[in-house]
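Chemist: sequence and predicted structure below; questions after.
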Amino acid sequence: MNFAYDAMYGAGQNVMKKLFPEMTFLHCDENPSFMGQAPEPIAKNLTEFSNLIKENGKIAAGLATDGDADRIGLYNSKGEFVDSHHIILLLLLYLNKSKNLKGKVVVAASTTPRVVRLAEKLGLPHDTVKVGFKYIAQQMIKEDVLIGGEESGGIAIKGHIPERDGIWMGLVLFEYMAKSGKSLEELIEEVYELVGPFKYWRDDLHIDEKVKNAIVKKCNKDEFQSFGKYTVESIDKTDGFKFILSEMSG
């Protein structure tokens, strides 16, 4: 399988050059200013990497890591971004089903509830903690944790250090593909068979402090019971306010 790697001018560049000298590389040279681009491995910052994969046509998957290489971004063979929620699910399924590893599943409150759903299907204990990897790391140090992950792309797994490592996560996923002989798209479909298909989009809103405080005040009073045609089924207050909406179609 042919793979590609975008270091985003970050610390991971030389590691991957030593491991896979024939791999397709992007932004794997020194640039202290990151060429003016924030080195966060999210879709809007990786359009050049996506286009490279699309134009090449022979790359099975593309790995991207941030400035210090602890967070992961991923692309399939079509140059489509694979978000951290899907990555956590892929890793969890691989570690448990293929490697027969067990342990607790710990995720940040911002992560898709489908991770908890998969953990329950696999018969694994789980916990949801506040946003911030330190809360996951605390459990990894003290307990038998199989995988810990958060929405931002920070993920850690059993058998390594209790800390985020984008390169290690990428290598495990490459191994998953190589050993199964399946594409990333096929492996994601196997995840969907267990938890159902889903899409993810993050939109950060920059609003006036006064407006924000007014919204938070209403949230504290549980005043939001619906958003458009979607009714609020439950509210997760582990960290902030996470509204679980009704799954209305149309």
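Modeler: Received the coordinates, thanks.
Chemist: spatially central residue for this protein, please.
Modeler: By CA atoms, centre = their mean, the mean C-alpha position of the chain lies nearest to Ser84, the distance being 1.2 Å.
Chemist: show me the contacts for that one.
Modeler: Residues near Ser84 by CB atoms under 8 Å, 6 or more residues apart in numbering: Ile72, Thr111, Gly149, Glu150, Glu151, Ser152, Gly153, Gly154, Ile155. Bear in mind the C-beta positions are built from the backbone N, C-alpha and C, glycine included.
Chemist: and the pLDDT for it?
Modeler: At Ser84, the pLDDT value in this model is 97.
Chemist: can you classify Ile155 by secondary structure?
Modeler: Here Ile155 is recorded as strand under DSSP: H, G, I helix; E, B strand; the rest coil.
Chemist: check the burial of it by counting its neighbours.
Modeler: Using other CB atoms under 10 Å, Ile155 has 26 other residues around it.
Chemist: number the chain from 29, please
Modeler: Understood, numbering begins at 29; the last thing we discussed is Ile183.
Chemist: what's the neighbour count on the residue nearest to it when sequence neighbours are not counted?
Modeler: Of all residues not flanking Ile183 in the chain, Gly177 sits nearest, at 4.2 Å (CB to CB, 6 or more residues apart in numbering). Around Gly177 there are 28 other residues, counting by other CB under 10 Å.
Chemist: repeat for His154
Modeler: 18.
Chemist: what bridges to it?
Modeler: Per DSSP bridges, the residues bridged to His154 are Val133.
Chemist: tell me the spacing between it and Phe226.
Modeler: His154 sits 18 Å away from Phe226, going by CB to CB, to the nearest Å.
Chemist: the residue nearest to Ile183 contacts Met168, correct?
Modeler: No. Look at Gly177 against Met168 with CB atoms under 8 Å: they stay out of range, at 11.1 Å.
Chemist: between these two, which contacts overlap?
Modeler: Joint contacts of Gly177 and Met168 (CB under 8 Å, 6+ apart) are Val134, Ala184.
Chemist: in the one helix or strand Gln166 maps to, what's buried?
Modeler: According to DSSP states H and E, Gln166 maps onto helix 161-170. For helix 161-170, a neighbour-count test (16 or more other CB atoms under 10 Å) marks Phe161, Tyr163, Ile164, Ala165, Gln167, Met168 as buried.
Chemist: SS state for the residue nearest to Asn59 when sequence neighbours are not counted?
Modeler: Closest residue to Asn59 apart from its sequence neighbours, by CB to CB, 6+ apart: Tyr37 at 4.2 Å. The three-state label given to Tyr37 by three-state DSSP is coil.
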